[in-house]
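*Asks:* Could you look at this predicted model? Sequence included:
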Protein chains: 2
Amino acid sequence: MNVLEKIVGSATSFSKSERKVADVILANPQITIHSSIAALAKMADVSEPTVNRFCRRLDTKGFPDFKLHLAQSLANGTPYVNRHVEEEDGPEAYTAKIFESTMAALDTARQHVDINTINRAVDVLTQAKKISFFGLGASASVAHDAQNKFFRFNVPVVCFDDIVMQRMSAINSSDGDVVVCISHTGRTKNLCDIAAIARENDATVIGITAYDSPLARECTLVLSLDVPEDTDMYMPMASRVAQLVLIDILATGFTLRRGSKFRENLKKVKDSLRGSRFEKKDFNN
Amino acid sequence: MNVLEKIVGSATSFSKSERKVADVILANPQITIHSSIAALAKMADVSEPTVNRFCRRLDTKGFPDFKLHLAQSLANGTPYVNRHVEEEDGPEAYTAKIFESTMAALDTARQHVDINTINRAVDVLTQAKKISFFGLGASASVAHDAQNKFFRFNVPVVCFDDIVMQRMSAINSSDGDVVVCISHTGRTKNLCDIAAIARENDATVIGITAYDSPLARECTLVLSLDVPEDTDMYMPMASRVAQLVLIDILATGFTLRRGSKFRENLKKVKDSLRGSRFEKKDFNN
DNA sequence: AGTTCTAATGTAATTAAATTACAACAAATC
DNA sequence: GATTTGTTGTAATTTAATTACATTAGAACT
């Protein structure tokens, strides 16, 4: 919890003089961080030790330390806020807002994601005989992306964005196979069925979906992101970015688990593209 | 520009002792902000005034002021330097690093993106008779995602991740058609060809690619993101997230341009999914 | 209402920290 | 090799923050 919030939060437990200090700080936080304890004391019309005591009450070591925390609060506060796009926004406004709310979403995702589950998912994936990525609608592109990452690892990977193929694939799965079901809401009936079928056939099912959703119930392992989606636009935006980052994390975990020798393989995959590309030097003349 | 970046940036202009100070600070920024000038001087094995001069060189009022700036830099959570995944990172470390470097990438993308071009791209897209999204490899999933967004707008949209189809589609394009080519490097030969073909057939070609790349040359409009990609993992990660956000921005711009009546259409598309989903109430009992 | 106790606040002294002025030194130039 | 310029450190000074203690205000109890 940042200091500014803490000041507001513990407002009731302040004494009269501490109140005065709090008010001055909240009114001019930016000035506060560049003031000495004497200047602030004068502004709040209290003595210097009162300011010092105020700082200590907020679990800081003293005034300088308090300023440090305050500075951090101020820096943190502004950047990543979830701002909604409004009807009258111009290109500048909506561009900024979408970038910022996406970053905000990633920030909350980072805080909510369960490292332990990620680790277990990586475990499961590294030991998989075959990995299947299933997604529908907007999540289909996430599934494709996942396939694009994991096929580089020289593991059998498939990706289906079609219920019929998914269903057939699920029925054919067996012990040692891993099925990754991707769905933001976790309420798509067909995908729930498919997860159930895969599990009945002894596959390990990893869900990249909402915690406490019907799909989550069907999964062996649930990777939940808890990203607040801006539904004003009726399109999945931030949630899908978070899903992709999660895929990146799983893929990274995978490569790290495999060790450095394996990483050379990845380079080979990348190098294989050379022929199909313009080299930088070709272009610079 | 934040202090950490500034330290890295002005690395060359430092003297020998200042270098020592910079190294110590970059290595333990968190410790630095809680140290006195004496402690830091000792760590860097220099005198106190040297540290002070170092602070002043970075346009701060002195050491305490420098610590304030440093605290703010750190607070942003965003990466400074060396947020790359290391061999020995555990799940906690690599998860944090990937989230942070992705957010950092979005932040730089936001700063570099040209609003004017975005606006023109939205113009072009709203007036398109048909929109085609082309991508190969990792960019294919971005193209799919774009299709998933734009088809909701009731405009003819196609998406191909296959050079043959792309080529045929490009040849058949005509005045009023918009082709969006997606490629991080902008050096994929086949895609450059396809962009050229589309333009020869009077289509407007929008490139989501690197500025100053062969592909960029072939495009009518270039949306450049300038995201520094961490190539350690040999996989496109941050760049692709930035591309997706850009797609979100274009889609949002599109809906805003079309006005509020149009937005009701979007809701209808979303509502159409209802039958295929578990309702929240169904699940809660 | 008066007394006593406790908590809150301020004053003054102390300590710690940062900055300045200046001297010594190293490296570069003539 | 001398001189100049720039860099670094030592010691003195100044400034800021903290502590110890005294005072006051307010609450609780007689």
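*Replies:* Arrived safely, thanks for sending.
*Asks:* Look up the pLDDT of residue A:79 for me, please.
*Replies:* The model reports residue A:79 with a pLDDT of 45.
*Asks:* What of residue A:13?
*Replies:* Model confidence at residue A:13, given as pLDDT, is 73.
*Asks:* can you check residue A:2 too?
*Replies:* So, for residue A:2, pLDDT stands at 72.
*Asks:* That one: neighbouring residues, count only.
*Replies:* If you count neighbours by other C-beta atoms under 10 Å in any protein chain shown, residue A:2 ends up with 15. For every residue, glycine as well, the C-beta is placed using N, CA and C.
*Asks:* How about it: what's its closest non-neighbour residue?
*Replies:* residue A:73 (3.9 Å; C-beta to C-beta, 6 or more residues apart in numbering or on different chains).
*Asks:* One more: residue A:14?
*Replies:* residue A:22 is the one closest to residue A:14 (C-beta to C-beta, 6+ apart), at 5.9 Å.
*Asks:* still on that earlier bit, residue contacts, the residue nearest to residue A:2?
*Replies:* Residues in contact with residue A:73 (C-beta atoms under 8 Å, 6 or more residues apart in numbering or on different chains) are A:2-5, A:29, B:75.
*Asks:* Which ones among the residues you listed map onto helices?
*Replies:* A:3-5, A:29, B:75 (DSSP state H).
*Asks:* Centre of the chain to stretch A:55-74, how far?
*Replies:* Stretch A:55-74 sits 28 Å away from the centroid of its parent chain (C-alpha atoms, centre = their mean, to the nearest Å).
*Asks:* Just checking, which helix or strand of chain A averages the lowest pLDDT?
*Replies:* Sorting the helices and strands of chain A by mean pLDDT, DSSP states H and E puts helix A:280-283 at the bottom, at a mean of 44.
*Asks:* and chain A, which residues reach DNA strand D?
*Replies:* Counting by C-beta under 7 Å from any atom of the strand, chain A comes close to DNA strand D at A:36-38, A:48-49, A:52, A:55, A:61-65.
*Asks:* which one of these sits closest to residue B:153?
*Replies:* Closest approach between the residues of chain A next to DNA strand D and residue B:153, by C-beta to C-beta: residue A:65, at 53.4 Å.
*Asks:* Please identify which helix or strand holds the residue nearest to residue A:2.
*Replies:* helix A:63-77 (DSSP states H and E).
*Asks:* Run the contact check for the next helix or strand along the chain from that helix versus chain B.
*Replies:* On the C-terminal side of helix A:63-77, the nearest following helix or strand under DSSP H and E is helix A:91-112. Yes. Against chain B, helix A:91-112 shows contacts by C-beta under 8 Å from any C-beta of the partner chain at A:91-92, A:94-96, A:98-100, A:102-103, A:106-107, A:109-110.
*Asks:* And what about residue A:226, helix, strand or coil?
*Replies:* Here residue A:226 is coil, with the state taken from DSSP: H, G, I helix; E, B strand; the rest coil.
*Asks:* hang on, the earlier thing: which of the contacts of residue A:73 ranks first by neighbour count?
*Replies:* Result: residue A:3 is most packed of the contacts of residue A:73 (other C-beta under 10 Å), 23 neighbours.
*Asks:* What segments of chain A are strands?
*Replies:* A:130-135, A:157-160, A:177-182, A:204-208, A:221-223 (DSSP state E).
*Asks:* Touching the second one from outside, list them.
*Replies:* Under the contact criterion C-beta under 8 Å, 6+ apart, strand A:157-160 has outside partners A:130-134, A:143-144, A:146-147, A:150-151, A:166, A:169.
*Asks:* In the stretch 51-200 of chain A, what residue comes closest to DNA strand C?
*Replies:* Per C-beta to the nearest atom of the strand, residue A:53 is where the stretch 51-200 of chain A lies closest to DNA strand C, at 6.2 Å.
*Asks:* how far away is the residue lying closest to that residue once chain neighbours are set aside from residue A:61?
*Replies:* Spatial nearest neighbour of residue A:53, excluding adjacent residues (C-beta to C-beta, 6+ apart): residue A:18 at 7.4 Å. Distance of residue A:18 to residue A:61, computed by C-beta to C-beta, to the nearest Å: 17 Å.
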